[in-house]
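> how would this look folded up:
(one chain, ligands or ions: 1)
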Amino acid sequence: MCCFGFAPNIVLCIQDKKLISLAKKFSQCYLSALLNKNKRNSTVSDTDSVCEWREPEELAALLDLELRENGEPQHQLLQRIRDVAKYSVKTNHPRFFNQLFAGVDYHALTGRFLTEALNTSQYTYEVAPVFVLMEDEVLSKLRSLVGWAEGDGIFCPGGTMSNMYAMNVARYRAFPEVKLKGMWSLPRLAVFTSQQSHYSVMKAAAFQGIGTENVFKVKVDDRGCMIPEDLGETIELAKSQGAVPFFVHATSGTTVQGAFDPLEPIADICDRQGLWMHVDAAWGGSVLFSKEHKHLMRGVERADSVTWNPHKMMLTGLQCSAILLKDTTHLLKHCHSADAKYLFQQDKFYDTSLDTGDKSIQCGRKVDCLKLWLMWKAVGSKGLEERVDRKTFSSPIYLTYVFRFCSVEQPLFVNVCFWFIPPSLRGKENSPDYNDRLSKVAPVIKERMMKQGTMMLGYQPQGGRVNFFRMIVISPQLSHQDMTFCLNEIERLGSDL
Ligand SMILES: Cc1ncc(COP(=O)(O)O)c(C=O)c1O
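As a prediction, the model looks like this:
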């Protein structure tokens, strides 16, 4: 066994000595290629761009992707690693506003390296003793933030999967015969979610044979929050069409606008109708760390299940997503277990309830708890609360203050949505082709920013609104200077439009 440090804060233990020098060289090479690109800098130059855009054919040629008969010498492999870092998007660059993740927490990164080096599967205590106990502790801590003293849960490969788990377990509770007999035994089922919920609801309905036409979309207000009265009416509509409601999917932190559905009135309806209430807090869940902001999820403890992705706002790195359940009757296991005799032997020499793998729909399962556990250990719940309070909520407030573009709505969370009105469209709001022309602005500016590598933010149409920018302000490195840069840069890139 040998330990070495290969970057600040990072210590790995690797059993195979031959691997050590190679891994050390590779990781140093990768980290320097990556981190040098992300140095704090007040101006953005070619040397610290967010991305190095290349057309796909050119990139494929530059990377020399072909896999050949013979292996390559070390110096060539090191160059390949540098190239991978060079042409990959620097998602921890402070001017990466494109996704619901950004930045990197170094404690979590250490946990990620260690997870990869130890290379085990989360299914049994036999092969993952540390991680079985650790997952249990982390899930229980997350549940306590939701407001549950007990319950169940599992880490999943992303929020989409966590949402799928919720729908599947909800269906199993309502119709346990589905496990044996399948959809033949079931009536037409109905799912309810807001018009602005994540598309994973549709995927889940398709994947589970419920059908996307049976996902009933509930109206939202201008800020993107579900209108509970419309939920009630939509449930009655579904029933009148012969469908059987079983699942309400609410959202805390919608993907585009960052809206929080009103959970208390939604819970009242679910209670009255006997429906499973799921809260997709993949994006917004981290407000539960904050005494100041957790009111955004008031009523979450009344839900049956919650999706929470620490890999988004908490910067633990992809992937780190939990499905949490209030249930204490082992629904998760009953719904998914297949009792594989070669893995989950009941006559093992230890407590077999520690073999948690049969709760999962997977067999092998990646360890996702270590990075969160290590980060949590390092900064404590207080440190995580401070991050949510200071780094995330001060930025949108600042942006709104300096804002000179056209806001879609006042930001409720860290999603800042706006249109840039180019010079040629100013004062032309009443022209018949205004919306059509405005819809073409964001795609052009996006292309220009990526080709110049100065920053990245996303855009989309939504409902009746034509393409607008969505800027996600969570990077821990982000300064007010960066945000001002971003606004100036949009103006520069769109000055001729
Ligand atoms: C509200 C919401 N739910 C679920 C997801 C899906 O999460 P993942 O990308 O981890 O599958 C997202 C992704 O952005 C999201 O915004």
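
> residues near whichever residue of the chain sits closest to the ligand, how many?
Of all residues in the chain, Gly159 sits closest to the ligand, at 2.6 Å by C-beta to the nearest ligand atom. C-beta: built from backbone N, CA, C; applies to glycine. Counted by other C-beta atoms under 10 Å, the residues lying close to Gly159 total 26.

> likewise Lys291?
10.

> gap between it and Val388?
Separation of Lys291 from Val388 (C-beta to C-beta, to the nearest Å): 10 Å.

> what's the answer for Lys203, then?
29 Å.

> same question for Ala205.
For Ala205 relative to Val388 (C-beta to C-beta), the value is 32 Å.

> what does Leu315 give?
For Leu315, the distance to Val388 - C-beta to C-beta - is 11 Å.

> between these two, which is the more surrounded one?
Leu315 (26 against 22).

> in contact with the residue nearest to the more buried one when sequence neighbours are not counted, which residues?
Ranked by C-beta to C-beta, 6 or more residues apart in numbering and with sequence neighbours excluded, the top spatial neighbour of Leu315 is Asp105, at 4.4 Å. Residues in contact with Asp105 (C-beta atoms under 8 Å, 6 or more residues apart in numbering) are Met314, Leu315, Thr316, Gly317, Met375, Pro476.

> is it possible to export those to JSON lines including secondary structure and distance to Gly284?
Shown next, in JSON lines, are these (DSSP: H, G, I helix; E, B strand; the rest coil; distance: C-beta to C-beta, whole Å):
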{"residue": "Met314", "secondary structure": "coil", "distance to Gly284": "12"}
{"residue": "Leu315", "secondary structure": "coil", "distance to Gly284": "15"}
{"residue": "Thr316", "secondary structure": "coil", "distance to Gly284": "16"}
{"residue": "Gly317", "secondary structure": "coil", "distance to Gly284": "19"}
{"residue": "Met375", "secondary structure": "helix", "distance to Gly284": "19"}
{"residue": "Pro476", "secondary structure": "coil", "distance to Gly284": "18"}
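
> for those residues, pick the one with the most neighbours.
In those, the most neighbours by other C-beta under 10 Å go to Thr316, 29 neighbours.

> what sits against that residue?
Contacts of Thr316 (C-beta under 8 Å, 6+ apart): Asp105, Ala108, Gly111, Pro310, Lys371, Leu372, Met375.

> switch to 10 Å and redo it
101, 104-105, 107-109, 111-112, 309-310, 368-376 (C-beta atoms under 10 Å, 6 or more residues apart in numbering).

> again, but for Thr255
100, 159, 196-200, 224, 280, 282-283, 415, 460, 462, 470, 472.

> could you list the low-pLDDT ranges of the protein?
Low-confidence segments of the chain, defined by pLDDT under 70: 1-47, 391-392.

> the ligand contacts on that one?
100, 158-160, 163, 198, 200, 251, 253-255, 280, 282-283, 309, 321 (C-beta under 6 Å from any ligand atom).

> out of those residues, which is most surrounded?
Ranking the residues of the chain next to the ligand using other C-beta under 10 Å puts Asp280 first, with 32 neighbours.

> Gly253 is in contact with that one, correct?
Yes - the criterion here is C-beta atoms under 10 Å, and Asp280 meets it with Gly253 at 8.3 Å.

> leaving out the residues flanking it, which one is nearest to Cys270?
Per C-beta to C-beta, 6+ apart, closest to Cys270 is Met277, 4.0 Å.

> that neighbour: which element?
Assessed by DSSP states H and E, Met277 sits inside strand 276-281.

> swap in Thr160?
helix 159-174.

> output that helix as PDB, nothing but the C-alphas.
This file holds the C-alpha atoms of helix 159-174, laid out as PDB (Å, rounded to 0.1, in the frame of the first residue of the first chain):
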ATOM      1  CA  GLY A 159     -32.200  13.100 -11.100                       C
ATOM      2  CA  THR A 160     -33.900  11.500 -14.100                       C
ATOM      3  CA  MET A 161     -33.400   8.100 -12.600                       C
ATOM      4  CA  SER A 162     -34.400   9.300  -9.100                       C
ATOM      5  CA  ASN A 163     -37.700  10.600 -10.600                       C
ATOM      6  CA  MET A 164     -38.200   7.300 -12.300                       C
ATOM      7  CA  TYR A 165     -37.800   5.400  -9.100                       C
ATOM      8  CA  ALA A 166     -40.400   7.600  -7.400                       C
ATOM      9  CA  MET A 167     -43.000   6.900 -10.100                       C
ATOM     10  CA  ASN A 168     -42.200   3.200 -10.100                       C
ATOM     11  CA  VAL A 169     -42.500   2.900  -6.300                       C
ATOM     12  CA  ALA A 170     -45.700   5.000  -6.300                       C
ATOM     13  CA  ARG A 171     -47.300   2.700  -8.900                       C
ATOM     14  CA  TYR A 172     -46.200  -0.400  -6.900                       C
ATOM     15  CA  ARG A 173     -47.800   1.000  -3.800                       C
ATOM     16  CA  ALA A 174     -51.000   1.600  -5.600                       C
END
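
> count the residues that sit near Lys377.
Lys377 has 10 neighbouring residues, counting by other C-beta under 10 Å.

> how about it, nearest residue that isn't a chain neighbour?
Lys377's closest residue in space is His107 (C-beta to C-beta, 6+ apart), at 7.7 Å.

> was I right about the one you found contacting Val379?
Yes - His107 lies in contact with Val379 (C-beta under 10 Å); the separation is 7.4 Å.

> Cys363 in helix, strand or coil?
coil (DSSP: H, G, I helix; E, B strand; the rest coil).

> tally of neighbours for it?
Neighbours around Cys363, by other C-beta under 10 Å: 12.

> quick check: chain neighbours aside, which residue is closest to it?
Cys363 sits nearest to Tyr123 (C-beta to C-beta, 6+ apart), 6.8 Å away.

> how far away is the one you found from Asp304?
25 Å.

> list phi and psi for the spatially most central residue of the chain.
Residue closest to the average C-alpha location in the chain (C-alpha atoms, centre = their mean): Lys312, at 4.5 Å. The phi and psi values for Lys312, taken as degrees, to the nearest 10, are phi -90, psi -100.

> isn't it up against Gly284?
Yes - if you go by C-beta under 10 Å, Lys312 and Gly284 touch, sitting 9.0 Å apart.

> pull up the overlap in contacts between the two.
With C-beta under 10 Å, 6+ apart as the test, Lys312 and Gly284 both reach Leu100, Gly253.

> how's this structure carved up into domains?
As assigned by automatic domain parsing, the chain contains the domains 41-51+89-120+368-497, 121-366.

> looking at the ones you listed, which is nearest to Asp83?
Among the domains of the chain, domain 41-51+89-120+368-497 comes nearest to Asp83, with 14.0 Å by C-beta to C-beta.

> sounds good, over and out.
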